[in-house]
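# Whatever this is, show me its structure:
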Amino acid sequence: MQNSNYLDNVFYPYDFSFKIGTIHNDFIAKDATGITKAFVKQKLFKFKEHVEVFSDETRSEILFDIRANKWLDFNTTYSFTNASGENVGRLARKGWRSIWKASYELYDERDQQDLVINEKNAWVKVMDAVLSEIPVLGIFTGYLFNPSYTVKRPDGTLVATFTKQPSFFGRKFKLTQDAAFEAGEEQRIQLGLMMMALLERRRG
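Sure, this is the predicted structure:
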């Protein structure tokens, strides 16, 4: 039986580790106990982005699908469906605002906005972009400049923090919990950040 609640009850901090030396945009999500909670795989050569979330690297059990509603648009929405095809929420990228400072909104299965993801410091993005173009210095950007993102409710309550970890090779992110989750939040936060990590993957 496929378990759509597999992303609930995670032990934090929670790590996303991208695979190294592959053309695929794949990564593994492991919680603080070292247990693999998800294997995330982005399908290549698609006009609209399509991401599959499996229970582990065997890809024998699919948990969720994430699909874009548009092709290469700053206002794209990414819908989440579980293994039964049921809608469980969506991530919306906040248009041109995200060029300067990454900004996303999370909506629940009733299409009600319940969370906001914002980059803490836009200058990290600027310095990363500038130095990555300089020979030799460019290889250090992944170690020196690491963006951090807050996940908050509309009332300003900080629920979680998502931070890129220093690394010369590969990409690693850490998710920490800052407040008790309300119903459905934990799942949506993970799915939203999984998609966001792929969208922001070119930065360092």
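
# give me the low-pLDDT residue ranges for the protein?
Within the chain, the ranges that satisfy pLDDT under 70 run 1-6, 20-24, 45-47, 71-74, 95-100, 122-145, 167-170, 201-204.

# all helices for the chain, in order.
97-100, 122-131, 141-144, 185-199 (DSSP state H).

# Convert the C-alpha atoms of the last one to CSV, please.
The C-alpha coordinates for helix 185-199 follow below in CSV (Å, rounded to 0.1, in the frame of the first residue of the first chain):
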residue,chain,number,x,y,z
GLU,A,185,2.0,21.8,7.0
GLU,A,186,4.9,19.4,7.3
GLN,A,187,4.1,17.6,4.1
ARG,A,188,3.5,20.8,2.1
ILE,A,189,6.7,22.4,3.4
GLN,A,190,8.8,19.4,2.3
LEU,A,191,7.2,19.2,-1.1
GLY,A,192,7.5,22.9,-1.6
LEU,A,193,11.2,23.0,-0.6
MET,A,194,12.0,20.0,-2.7
MET,A,195,10.7,21.8,-5.7
MET,A,196,12.3,25.1,-4.7
ALA,A,197,15.7,23.4,-4.2
LEU,A,198,15.5,22.2,-7.8
LEU,A,199,14.5,25.7,-9.1
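
# Now find how far off-centre that helix is within its chain.
Averaged C-alpha coordinates place helix 185-199 at 4 Å from its chain's average position (C-alpha atoms, centre = their mean, to the nearest Å).
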